[in-house]
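>>> Turn this into a structure:
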Amino acid sequence: MKTTIDIHDELLARAKRHAAETGRPLRAVVEEGLRRVLSTSTLRDRYTLPDLRAGDARAPDPLERFSWPELREMIYGDSGVR
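Numbers count the residues shown, from 1 in each chain. This next block holds a predicted model:
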């Protein structure tokens, strides 16, 4: 399949030199590079949030006994924010 891509000039020059030194066409060098990148890419590269919980995770939630309007009143008070 044919496609057009933009490659930084220096990177393309290096790829062409490598292709010439190894006696392979540029296409083969580009395909090899893509295969290497795609074979090593895994979901483990995804960012996960660090666990920054404080206290005992098994302890009961102290906010469970409050309704949302009660919590909102504790947070905002008479500020008028809704």
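>>> Compute the number of surrounding residues for Phe66.
Look at Phe66: counted by other C-beta atoms under 10 Å, it has 13 neighbours. Yep, even glycine has a C-beta here, placed from its N, CA and C like the rest.
>>> err, Leu11, not the other one
Leu11 has 9 nearby residues by other C-beta under 10 Å.
>>> Repeat that for the one 10 residues further on.
The number of residues packed near Glu21 is 8, by other C-beta under 10 Å.
>>> swap in Arg14?
12.
>>> Repeat that for Trp68.
Trp68, neighbours per other C-beta under 10 Å, totals 7.
>>> I'd like the distance between it and Met74.
Distance of Trp68 to Met74, computed by C-beta to C-beta, to the nearest Å: 11 Å.
>>> Flag the shaky bits of this protein, pLDDT-wise.
Scanning the chain for pLDDT under 70 picks out the ranges 41-45, 79-82.
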